[in-house]
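Trainee: sequence plus predicted model, see below.
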Amino acid sequence: MRRALVTGAARGIGLATTRLFLEEGYRVVMVDRDAPALAEAADGLAGVVPVVADVSIPAEVARMVEEAGLSDGLHALVNNAGVADFGPIEATDFTRWRRVMETNLDGVFLVSQALTPALRAGRGAIVNIASISGLRASTLRVAYGTSKAGVIQLTQQQAVELGEHGVRANCVCPGPVRTKLAMAVHTQDIIDAYHDAIPLNRYGSEREIAEAIAFLCSERASYITGQVLAVDGGFEAAGVGLP
Ligand code: NAD
């Protein structure tokens, strides 16, 4: 049986990815730091192992690996846990900056490193969730965009370093999706601007992002590694600056 581990699995893109993996026959370790939300999300899902852990804390990541029970190997790791923060340079104090970096960048590094033995054993695939905000600068995303640009670089590093062990690493950059994370920072002005700027003229769905993730984890993508895939309704291709 194929085994996956998804971080930030209690809601949004992580929960949609968990559901799609289950449809594809995976057993899924669902990781999230929000214990009540994780319990509610996992309730009624057959084939999941919920593990409460904060991906930015090394001791919690070590415990997560023990509870995940992946000594026989891991086939798909989705580093999806993330936090948003929209603010320009002068409004972003160091506490705010660190909060974003700890989850969005440190978390991807810590979880991937801790699970590298399991990934090597399973000749698994990593999919890191960055963002179109990591592909180019904007006036609002100094911490968020920089953290996601770091995730893109880390993905390429993983692909180059782990390829000889049969481990692939790719990055998905979602465009806007109406999750709790996005709706906390998307003002009506931003929503309107996105609608106009996206060639498909709409936000994406969690499921549409999950489909790309599941493909990159599957054998159908067996020769794809080190790539960055924007799943964004054409926003990046249109070349319009981020609102
Ligand atoms: P969401 O807020 O709906 O879900 C994120 C989940 O991650 C939550 O359940 C939260 O509890 C968990 N989480 C946050 N920090 C954590 C930590 N330190 N340890 C463990 N769990 C943690 O958000 P979403 O929109 O589904 O976002 C998922 C990913 O997609 C994020 O990395 C986000 O940056 C990225 N993304 C989202 C959008 C969008 O428009 N929604 C766009 C681009 C990229």
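Mentor: Here it is on my side, so go on.
Trainee: retrieve the pLDDT associated with Asp189.
Mentor: At Asp189, the model reports a pLDDT of 88.
Trainee: report how many residues lie close to it.
Mentor: 9 (other C-beta atoms under 10 Å). Heads up, the C-betas are built off the backbone N, CA and C, glycines and all.
Trainee: list, one by one, the residues from the protein near the ligand.
Mentor: 7-8, 10-14, 32-34, 37, 54-56, 80-83, 103, 107, 129, 131, 174, 176-177, 179-182 (C-beta under 6 Å from any ligand atom).
Trainee: and these, which of them are in strands?
Mentor: Among the residues of the chain next to the ligand, DSSP state E puts 7, 32, 129, 174 in strands.
Trainee: the first one against Val61, yeah?
Mentor: The one in question is Thr7. No. Thr7 lies out of contact with Val61 (C-beta atoms under 8 Å); the separation is 9.7 Å.
Trainee: mind listing the shared neighbours of these two?
Mentor: 55, 111 (C-beta atoms under 8 Å, 6 or more residues apart in numbering).
Trainee: in terms of neighbours, single out the busier of those two.
Mentor: The neighbour comparison of Thr7 against Val61 (other C-beta under 10 Å) goes to Thr7, with 28 against 23.
Trainee: could I get the contacting residues of that one?
Mentor: Thr7 touches 14, 31-32, 55, 78-81, 107, 111, counting by C-beta under 8 Å, 6+ apart.
Trainee: turn those into TSV, including neighbour count, distance to Arg141 and pLDDT.
Mentor: Formatted as TSV, the contacts of Thr7 follow (neighbours: other C-beta atoms under 10 Å; distance: C-beta to C-beta, whole Å; pLDDT from 0 to 100):
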residue	neighbour count	distance to Arg141	pLDDT
Gly14	29	21	98
Val31	30	25	98
Asp32	27	24	98
Val55	27	21	98
Val78	30	22	99
Asn79	31	19	99
Asn80	29	18	98
Ala81	25	18	98
Gly107	27	18	98
Val111	25	23	98
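Trainee: just send those back as JSON lines, with distance to Val231 too.
Mentor: Shown next, in JSON lines, are those (distance: C-beta to C-beta, whole Å):
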{"residue": "Gly14", "distance to Val231": "15"}
{"residue": "Val31", "distance to Val231": "22"}
{"residue": "Asp32", "distance to Val231": "22"}
{"residue": "Val55", "distance to Val231": "22"}
{"residue": "Val78", "distance to Val231": "14"}
{"residue": "Asn79", "distance to Val231": "16"}
{"residue": "Asn80", "distance to Val231": "13"}
{"residue": "Ala81", "distance to Val231": "18"}
{"residue": "Gly107", "distance to Val231": "21"}
{"residue": "Val111", "distance to Val231": "21"}
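Trainee: which one of the ones in strands among the residues of the chain next to the ligand is nearest Gly239?
Mentor: Pro174 (17.9 Å; C-beta to C-beta).
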